[in-house]
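Novice: sequence plus the predicted model coming up.
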Amino acid sequence: MKCVLVTGGSRGIGKAICIQLAKDSDYHIIINYNSNEAAALETLEAVKAEGNTGEIIQFNVSEADEVKSKLDAWQENNEDAIIEVLVNNAGITKDGLFMWMPQDDWQSVINTSLNGFFNVTNTIIQKLLRNRYGRIVNIASVSGVKGTPGQTNYSAAKGALVAATKALAQEVAKRKITVNAVAPGFIKSDMTAELDEKELKKLIPLNRFGEAEEVAHVVSFLVSKKASYITGEVININGGIYS
């Protein structure tokens, strides 16, 4: 059984990615969530509605021991299965001006977005290398490419994720493993629900927020065989806000 693991797959962009991959591929979809089991089960139902198979798995990407023990246990229970595709989507924001930023707001954002990438990818990478095939897609952000005021912590985490994508891509390319990032701009989701869409869309050349599905389509392409010669790339999906 060939599988795709999507971290933070229960809501928003993660949910859209799970559903799109259920439509476009025959991968078994593993939906990771941290605390919202109801949302994860809802995403699983949507995956099954597309005629595909899936399951949910709970762990906090920022807790290294928890990630390893849960993924090792999953592998023991599914000896013949291989996670061939990994989408590192889990992330949080704790916005605020840097000069007033508590260390905890800095640390928690770095722990989830950046250390979460390390914890999950590092656990899975050996198997991908032995398998001599794999796809890793990291969900970065326009903040990590251009920097966004009020998001120094998030920009730092996502900017580091972009650099890590480019470096890892070169390390594993000989084993037919590609590593790419997508950098969404303002996308309609829980994360952007508090923002003033009417004001912010004036900054966007396309004059609207993006849809989660528009990100999911690009991810689906990158994990497919069609994207075999694309690696170490960052694809911006932001309506021209940073073009």
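Specialist: Arrived safely, thanks for sending.
Novice: please put the alpha-carbon coordinates of stretch 170-188 into CSV.
Specialist: Coordinates of each C-alpha in stretch 170-188 appear next as CSV, following Å, rounded to 0.1, in the frame of the first residue of the first chain:
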residue,chain,number,x,y,z
GLN,A,170,20.2,18.4,-3.6
GLU,A,171,21.0,15.7,-1.0
VAL,A,172,18.3,13.2,-2.0
ALA,A,173,17.9,13.8,-5.8
LYS,A,174,20.0,10.8,-6.8
ARG,A,175,17.4,8.5,-5.2
LYS,A,176,14.6,10.0,-7.3
ILE,A,177,13.2,11.9,-4.3
THR,A,178,12.1,15.5,-5.1
VAL,A,179,11.7,18.2,-2.5
ASN,A,180,9.7,21.3,-3.3
ALA,A,181,7.9,24.1,-1.5
VAL,A,182,4.8,26.0,-2.2
ALA,A,183,4.4,29.5,-0.8
PRO,A,184,0.8,30.6,-0.5
GLY,A,185,-0.1,34.3,-0.1
PHE,A,186,-3.5,35.2,1.4
ILE,A,187,-5.7,32.1,1.2
LYS,A,188,-9.2,31.9,2.7
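Novice: buried ones in it?
Specialist: For stretch 170-188, burial by neighbour count (16 or more other Cβ atoms under 10 Å) applies to 172, 177-188. To be clear about C-beta, it is placed using only N, CA and C from the backbone, and glycine gets the same treatment.
Novice: format the residues you listed as TSV; extra columns: pLDDT, secondary structure and distance to K166.
Specialist: Below are those laid out as TSV (pLDDT from 0 to 100; DSSP: H, G, I helix; E, B strand; the rest coil; distance: Cβ to Cβ, whole Å):
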residue	pLDDT	secondary structure	distance to K166
V172	98	helix	12
I177	98	strand	14
T178	98	strand	12
V179	98	strand	8
N180	98	strand	10
A181	98	strand	8
V182	98	strand	14
A183	97	strand	13
P184	96	strand	18
G185	94	coil	20
F186	91	coil	24
I187	92	strand	23
K188	88	coil	29
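Novice: those residues into TSV, with extra columns for distance to K23?
Specialist: Shown next, in TSV, are these (distance: Cβ to Cβ, whole Å):
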residue	distance to K23
V172	27
I177	24
T178	21
V179	24
N180	20
A181	22
V182	18
A183	23
P184	20
G185	24
F186	25
I187	19
K188	20
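Novice: which one of those residues is nearest K225?
Specialist: In terms of Cβ to Cβ, no member of the buried residues of stretch 170-188 lies closer to K225 than T178, at 10.5 Å.
Novice: next up, the contacts around the closest residue to that closest one other than its chain neighbours.
Specialist: In space, and not counting its chain neighbours, T178 is closest to T231: 4.0 Å by Cβ to Cβ, 6 or more residues apart in numbering. Listed by Cβ atoms under 8 Å, 6 or more residues apart in numbering, the contact partners of T231 are A169, A173, T178, V179, N180.
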